[in-house]
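Colleague: Predicted structure and sequence below. I'll ask about it afterward.
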Amino acid sequence: MLAGTGLQPVRRGNAFGARLAPAGDAVTLPSVTVQGSATAALQQEGTASDGYRATTVSAAGALGGMELRNTPYSFSVVTRDLLQNVQAQSPDDVYRINPSTLTQTPQLSGWAPMVKIRGFNSYDRAEDGLRRSYGFATSLEDKERVEVLSGLSGFLYGAASPGGMVNYVNKRPTPDRLNSITVGNYGGSQYYVHGDFGGPFDDNGKVGYRVNLVRQDGDTAVDDQKIDRTLASLALDLNITDRFKLELGASYSDYKMQSPTAYWFVGEGVSRPKAPDSSKDWSQPWIRDETESRKWMARMTYEASDHLTLRVAHLREYQDRPVQYHTMNSIRPNGQYAQLRQKVGETKTESEAWQALADISFDTWQVGHKITLGYYGYMDKQWQTTYFPNTGYLGPYGLDSPTHVPEPDWPSDAAKRTYYASRIRNDNFMIGDLVRFNDQWSALVGINRSTIKSMERDADGAPGQPDYDRGRNSPNASLMFSPTPWLTTYATYIEGLEQGGVAPDEAVNRLQVLPPMRSKQRELGIKAELGGLLVSGALFDIEKAYEYSNNANLYVQDGIQRHRGAEVSAVGKATDAWTIMGGVTLLTARVEGSANDGNAPINVPKVMAKLYSEYALPFAPGLSLTGGVYFVGQQYATASNNSRLPSYTTFDLGLRYATKVTGRPVTLRLNVNNVANRDYWLNSYYLGSPRSVALSAQMQF
């Protein structure tokens, strides 16, 4: 197939790729994987034996797959093997070990999981490179990997937080037969069973399948907290011809939670107490939250020629939340707390994401080009209810132990109405050119025209705020220099557009969506392959509009929030027996303008350092010690900077044993998180997680 194309084959394990063949002084573009083997190559990356080191990123937004070392951005990848070996069940487990992320809103809160990257909050996520909005209950058993982009992504993904983007990559069919059963306990009495099955339907491998099934039920490590969860997902690959591939996917998830993690609020001038016992239920035993989701995806990839590839994809998801209860704890000046309890009627969300892109490769005057152009976007629609009674703040209660009360006699919901409350749509038209001047110098230049359209209505159809329809150009300019094959340096300037923030529950303008914002980033970076390690470093400077609650408790945009920092990370094999994944982030964040001029934004630590490690014991083949140490520095808890959260360090320990039973691979895992059972404030709103013990047994056959 490659004869006469100017391409030469490249072998990666059992998969094959292709790259431009050298011809005289002609330059070569970075190698790209032929679509038919892209999935298999991805599945073979980042295994435990490789130290969890990935060599590619499956989706750099609209640009598609790229070699990790040659991207002019900061990426970190948590691969399937690492997800399994740390027994991750939610995004919180990924954010805990990933050196560039910090959990802001835990999934067990009942709200959409939110991550902090480079000091900025982000609900934003992508799925297989398709831009998504927030989701309420994300499962990881059907994910191949989690890719984290640190920093602005406007050129790649459209409107998004300047902090970064989290891309969840779904499992795809395997080239060979796969049958895996895992039984275990995620902590407390959260017993579960997970089946993972895949392979080709036919001898020629034209049609492949992947099925993941999960059933979980039981109490967590927190008193009264319980998770009842079901997941079923199906993926089909149809290799219609050598150049035409159709990928289909569908999933169903039902996530029920009893007694979600409580939300805490401390007003200005109120002294924050030390963190209370996080293993206790600071909510109420009758508080519960339910999320049901149904999702479909289709993707077509057509290699029209050796120089032209067409990519089209569409995703749709429905999320129903039939039951929602919430609690908010307010710390009082006397060191006690008052509690508000709220019941919310059914809400629904309909989400769509799409893309239609073309990749064109050619040479001009010995300079290689790969141009990507096209259209992509997403849209979210939400239906809310007129029924949301609350008790007001009751109490106060002591912090030595939580106070539990019977569920109140809520008013009747017979007159409630469900109404079309909001819609947000982001459309993007982009063009980018990956230019290769020679073996050392390359550039990535492009622009994205991003438009945000948003509307908000009350129950009577009146605008909650003015409709918004505005677009901006988001340019990207990157220059890359590779003095040797194992080292790449880069400089990137990128701009982005971001949806405005949502006013928190305690604000006067609760749940109001603020206008979209523009952000800018300058970044210098370096990536080096040192033995079995991939070492990365970056200096960055990011600015965006500042959002905060003012003295009138009104959530507003006023001033600029600027984050300057440095980060370094390493992943891979330090020795044949020693695996590491870790990093350090140093951050200076300041507000410029507004009433808080010169202050640091809340919940932004100046220092974050993490190290996850494994050591294969030489005297016991198959047995590995695992563990991690995670340090988060001090954070300001109020916009006025008159209250500061103490730093905290947590430790994880574990064991993994891989063997064979009757010739079948068996893996036993034990993970203890927060070994010392330390109580700490995760941030100004949530407590950290208590000690939990997870164990599992996996058999492949």
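Modeller: Looks like it arrived, so ask away.
Colleague: In the protein, where is pLDDT below threshold?
Modeller: Low-confidence segments of the chain (pLDDT under 70): 1-37.
Colleague: how about 50 then?
Modeller: 1-36 (pLDDT under 50).
Colleague: Let's check: the centremost residue of it is which one?
Modeller: Val166 (3.1 Å; CA atoms, centre = their mean).
Colleague: I'd like to know how far the nearest residue to that one once chain neighbours are set aside sits from Thr347.
Modeller: Distances taken as CB to CB, 6 or more residues apart in numbering put Arg125 closest to Val166, at 4.9 Å, once the chain neighbours are dropped. For glycine as for every other residue, the C-beta is placed from the backbone atoms N, C-alpha and C. According to CB to CB, to the nearest Å, Arg125 stands 19 Å off from Thr347.
Colleague: Neighbour count: these two, which is higher?
Modeller: The neighbour count for Arg125 versus Thr347, taken as other CB atoms under 10 Å, is higher for Arg125 (23 against 19).
Colleague: Which residues are in contact with the more buried one?
Modeller: Shown in contact with Arg125 (CB atoms under 8 Å, 6 or more residues apart in numbering): 132-135, 138, 165-168.
Colleague: For Phe481, give its distance to Lys527.
Modeller: Between Phe481 and Lys527 the computed distance is 11 Å (CB to CB).
Colleague: Next: Tyr255.
Modeller: Distance, Tyr255 to Lys527, by CB to CB: 37 Å.
Colleague: same deal with Asn603?
Modeller: According to CB to CB, Asn603 stands 29 Å off from Lys527.
Colleague: Can you give me the neighbour number for Gln366?
Modeller: Neighbouring residues of Gln366 were enumerated by other CB under 10 Å; the total is 13.
Colleague: where exactly do the strands run in the stretch 151-300 of the chain?
Modeller: 164-170, 178-185, 191-200, 207-219, 226-239, 244-258, 263-266, 288-305 (DSSP state E, counting those that start in this stretch).
Colleague: tell me the most buried of the ones you listed?
Modeller: For these, the stretch with the most neighbours on average is strand 164-170, a mean of 25; neighbours defined as mean count of other CB atoms under 10 Å.
Colleague: Can you list the strands that that strand pairs with?
Modeller: Strand 164-170 sits in its sheet next to strand 125-127 (parallel), strand 143-150 (antiparallel), going by DSSP bridges.
Colleague: Of all the ones you listed, which one comes closest to Gly198?
Modeller: Distances from Gly198 to each of those were compared using CB to CB; the shortest belongs to strand 143-150, at 11.0 Å.
Colleague: contacts for that closest one?
Modeller: 42-43, 46, 54, 57-61, 73-80, 83, 91, 94, 98, 100-101, 117-118, 140, 156, 163-172, 538, 540, 567.
Colleague: Return the subset of those lying in strands.
Modeller: Using DSSP state E, the members of those that fall within strands are 57, 74-79, 101, 117, 164-170, 538, 540, 567.
Colleague: circling back to that earlier point, now the strands paired with strand 164-170 in TSV, with distance to Asn553?
Modeller: Shown next, in TSV, are the strands paired with strand 164-170 (distance: least, CB to CB, whole Å):
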stretch	distance to Asn553
strand 125-127	30
strand 143-150	32
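Colleague: For Arg425, find the nearest of those.
Modeller: Sorting these by CB to CB, the top spot, which is the nearest, belongs to strand 125-127 at 16.4 Å.
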